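> Please find the sequence and the predicted model below.
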Amino acid sequence: MLEITFLGTGAALPMYRGSNSAYLIRTDTACILFDCGPAILQQLDAVTVRPSELSHVFISHRHGDHALGFPMLVLAWALEQPPDQPLPTIVTSILTWASLETVLKHSYGDDIAVKCLQALPRILLPHDVPAQLTLADNIQMHTYPMNHSAFAPVLGAKFEIGATILAFTADTMPCETIVPMAKDADLLIHEANFSAILQPELAQGPYGHSTAQIAGRNAHAAQVKRLALVHLGSHLQGKEDIMREEAQREFSGIVSVPVAGVTYAF
């Protein structure tokens, strides 16, 4: 079994009735959460997944829409994790981990939360060079630095799960690491915070983000099979068809603009 569920697909200020970007990868041997914004407990509950079911949590960077749910996850583990069940492994950059520790201590400075934090298994990676690790049987993870923010450096990630490749940019403007990361992916989940059609002045991808046009170009260059556009902001409400068309001008494969709760099976 291999499924990816889009828990949320919105930017920091998401569309009406939307929520921040987060994804759940489920296999026979792992349940991996990719990013955890402020509403992560509600997002997991919407697809009937408990925090105790997670085997790994990857956090791409420390901006609030990708990381502020971390204290709530830790609280859930501290209060509800069965004693005979191992805590999930946290995977993130060294820099992002320091911020996660700080926000947890400012949120729940009590002994329960701190003890749980100390007990959490973790894999801390560099934020500025690629890295590779094994998450579980038949699951290889490769991280790549993206180009988003000096304050909050981003790690994109590629998951090789058997013969299937899933690639995630997280937040990024154009950079040289996207295409190598996404090469031959079965699915590329690419941020598209802006539209070159609707906002031609932003066509080059300003403010650390990309357009649907940029996402389509990267999907074409990487020869991926399918492209999913995510991290759409509130200014794109009702413009999903335009975003899809914009990407399809650059990429001949399947383009989707998924909504929260959608699951793709491989």
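Done, it's in.
> Checking A196 next. Helix, strand or coil?
coil (DSSP: H, G, I helix; E, B strand; the rest coil).
> Just give me the neighbour total for it.
Residues lying near A196 (other C-beta atoms under 10 Å) number 23. (C-beta placed from N, C-alpha, C; glycine too.)
> For E3, see how far away it is.
32 Å (C-beta to C-beta, to the nearest Å).
> And for A222?
The gap separating A222 from E3 is 22 Å, by C-beta to C-beta.
> Comparing those two, which shows the higher neighbour count?
More neighbours surround A222 than the other of A222 and E3, with 20 against 13 (other C-beta under 10 Å).
> got the phi/psi numbers for the more buried one?
The phi/psi pair for A222 (degrees, to the nearest 10) reads phi -90, psi -10.
> from what I can see S256 touches L227, true?
Yes - using C-beta atoms under 8 Å, S256 is in contact with L227, at 7.4 Å.
> which one of the two has more residues nearby?
L227 (29 against 18).
> Which stretches in the stretch 1-150 of the chain count as helices?
40-46, 64-67, 70-80, 94-107, 111-119 (DSSP state H, counting those that start in this stretch).
> Which among the ones you listed is found nearest to Q213?
Closest of the helices of the stretch 1-150 of the chain to Q213 is helix 64-67, at 22.8 Å (criterion: C-beta to C-beta).
> hey, where'd the strands end up in this protein?
2-8, 22-27, 31-34, 56-58, 89-93, 122-125, 131-136, 139-145, 155-161, 164-168, 187-191, 226-230, 254-256, 263-265 (DSSP state E).
> Now render those as JSON lines, adding mean pLDDT and distance to V114.
As requested, those are exported to JSON lines (pLDDT from 0 to 100; distance: least, C-beta to C-beta, whole Å):
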{"stretch": "strand 2-8", "mean pLDDT": "98", "distance to V114": "27"}
{"stretch": "strand 22-27", "mean pLDDT": "98", "distance to V114": "25"}
{"stretch": "strand 31-34", "mean pLDDT": "98", "distance to V114": "22"}
{"stretch": "strand 56-58", "mean pLDDT": "98", "distance to V114": "18"}
{"stretch": "strand 89-93", "mean pLDDT": "98", "distance to V114": "15"}
{"stretch": "strand 122-125", "mean pLDDT": "97", "distance to V114": "15"}
{"stretch": "strand 131-136", "mean pLDDT": "96", "distance to V114": "26"}
{"stretch": "strand 139-145", "mean pLDDT": "98", "distance to V114": "27"}
{"stretch": "strand 155-161", "mean pLDDT": "98", "distance to V114": "26"}
{"stretch": "strand 164-168", "mean pLDDT": "98", "distance to V114": "30"}
{"stretch": "strand 187-191", "mean pLDDT": "98", "distance to V114": "34"}
{"stretch": "strand 226-230", "mean pLDDT": "98", "distance to V114": "34"}
{"stretch": "strand 254-256", "mean pLDDT": "98", "distance to V114": "42"}
{"stretch": "strand 263-265", "mean pLDDT": "98", "distance to V114": "35"}
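> Cool, thanks, signing off.
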